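A.B. asks: fold the following and give me the result.
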Amino acid sequence: MRRLALTLGFWLFTVGTAANAQTGPGELVTGIVTTLAAALKSEQGALASERGLATANEIIRRDVAPHLDFATITREAVGNRWASATGQQRVALEREFRQLLVHVLARLLVTNRDDLLEAQPLTWAPGATTAMVRVAVTRQRAGGNQPGEPMRITLRLGDAGWKVHEVRSEGVDIFKLYGSNFAVVLERNGEIEGLVRALSERNAQNAASIAPKPQPQPQPRPQPAIIPAN
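C.D. replies: Here you go, the predicted model:
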């Protein structure tokens, strides 16, 4: 279920939009879906190549990350230990968790780049600060299109406009799935610094996996031996 939730939940975030505080949550999600189609089309070749993961990371960083409420997502994933973290540690946790999520979403973008989305109509009460948008998922396969599990996207309105706070698939919030992993790390290391270090190490490994591989240098062709004439 965790793998399914991550796969389905990822799709909302694979593009950006010019939405602001005046844009309703339904319009925001519809704009995201429309931009998704354009992004996947324009980067189709790159996403299918050996540069696919690096290209996907660029897309996520540029067009997705600004629409996620990383402060809230990080605080809720860390759980009760958040209260004992210093201001500097909180900044570090949010920075590292943000980088981790970008990489996870980028991998899912590459894997599921052929899927289609359709935002469902939303009745939104003006003045509300929380809204939930349903998104239908259709997988394009060789044997025909297959309906996927719909997503439920919760957005909150803050000073910076509407931000995605929660994604649920099969009743599971995919961001909070990390909470159990964080709890294990915190129990093992006993310190917030241990979690920051573990996230940093994982991010370094992920970055190394998508770094351009050095191209082999052409070797000089051996020159044939010259045999002097007698």
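A.B. asks: which residue sits closest to Trp82, ignoring its sequence neighbours?
C.D. replies: Arg75 (5.0 Å; Cβ to Cβ, 6 or more residues apart in numbering). Any C-beta I mention is one placed from the backbone N, CA and C, and that applies to glycine too.
A.B. asks: hmm, the one you found is touching Ala83, no?
C.D. replies: No - look at Arg75 against Ala83 with Cβ atoms under 8 Å: they stay out of range, at 9.5 Å.
A.B. asks: who has more neighbours out of these two?
C.D. replies: Counting neighbours by other Cβ atoms under 10 Å for Arg75 and for Ala83 shows that Arg75 has the greater number, 17 against 8.
A.B. asks: which parts of the helix or strand containing that one are buried?
C.D. replies: When elements are defined using DSSP states H and E, Arg75 is found to belong to helix 70-78. Of the residues in helix 70-78, those with enough neighbours to count as buried (16 or more other Cβ atoms under 10 Å) are 70, 72-78.
A.B. asks: who are the packing partners of it?
C.D. replies: In terms of contacts (3 or more Cβ pairs under 8 Å, 6 or more residues apart in numbering; DSSP states H and E), helix 70-78 is packed against helix 87-111, helix 177-189.
A.B. asks: counting by contacts, list what the helix or strand just after the first one packs against.
C.D. replies: Which is helix 87-111. Next helix or strand after helix 87-111 toward the C-terminus (DSSP H and E): strand 116-119. The criterion is 3+ Cβ pairs under 8 Å, 6+ apart, and the helices and strands that strand 116-119 contacts are helix 25-42, strand 130-139.
A.B. asks: the last one: partners in the sheet, and parallel or antiparallel?
C.D. replies: Neighbouring strands of strand 130-139 in its sheet, by DSSP bridges, are strand 116-119 (antiparallel), strand 146-147 (antiparallel), strand 151-158 (antiparallel).
A.B. asks: relative to the whole chain's centre, how far out is that strand?
C.D. replies: Averaging C-alpha coordinates over strand 130-139 and over its chain gives two centres that are 17 Å apart (Cα atoms, centre = their mean, to the nearest Å).
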